[in-house]
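In: Sequence and predicted structure, then a few things I'm wondering about:
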Amino acid sequence: MSKSTYLTDVNDIFAKDLQNPDFSQNVQAEKNKLASAVAVREAREAYGWTQSQLADRAGIPQSTVARVEAGSNTSMDTISKIATAFGKRVQISFS
C-alpha cells in the first residue's frame, strides 16, 4: 500500500506549483504588472490627483488609468504618457 502525500497548506501547494517553469513565469509576469499598477496609483495619490485628473494631464481616458491601476496589460506608450504627466521619466530595470 502506497502512502499518499497530502498538501495541507496553501503555501505548500503554491511552492509545488512554482516548480513548474510555465506557472512560475506567469506568476512573475503578473507580479510585474501589479507592481506597475501600484506604482502608478501611489504616485497619483502622492500628487493628490484623481484618476480623472491624471487622465487629463496624460491625455488618456480615465478608464485607461483605471485599467492600469487594476494591473491590466498596458503599452509603453501609455506608461510614458503617465510618467510625463508626473514630470517623470520611465526607468526600466531587470533584477
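Out: Yes, it's here.

In: Let me know the pLDDT of residue 14.
Out: On the pLDDT scale, residue 14 is placed at 80.

In: Ok, the one 5 residues further on next?
Out: With respect to pLDDT, residue 19 scores 88.

In: check contacts around it.
Out: Under the criterion of C-beta atoms under 8 Å, 6 or more residues apart in numbering, residue 19 has no neighbours. Every residue, glycine included, has its C-beta placed from N, CA and C.

In: Residue 64 versus that one, what's the distance?
Out: Distance, residue 19 to residue 64, by C-beta to C-beta, to the nearest Å: 37 Å.

In: measure the residue nearest the centre of the chain to residue 87 for me?
Out: By C-alpha atoms, centre = their mean, the chain has its centre lying nearest to residue 34, at 1.8 Å. Distance of residue 34 to residue 87, computed by C-beta to C-beta: 24 Å.

In: Go through this structure and flag its longest helix.
Out: Scanning the chain for the helix with the most residues, using DSSP state H, yields helix 21-47.

In: and the gap between residue 16 and residue 43?
Out: For residue 16 relative to residue 43 (C-beta to C-beta), the value is 37 Å.
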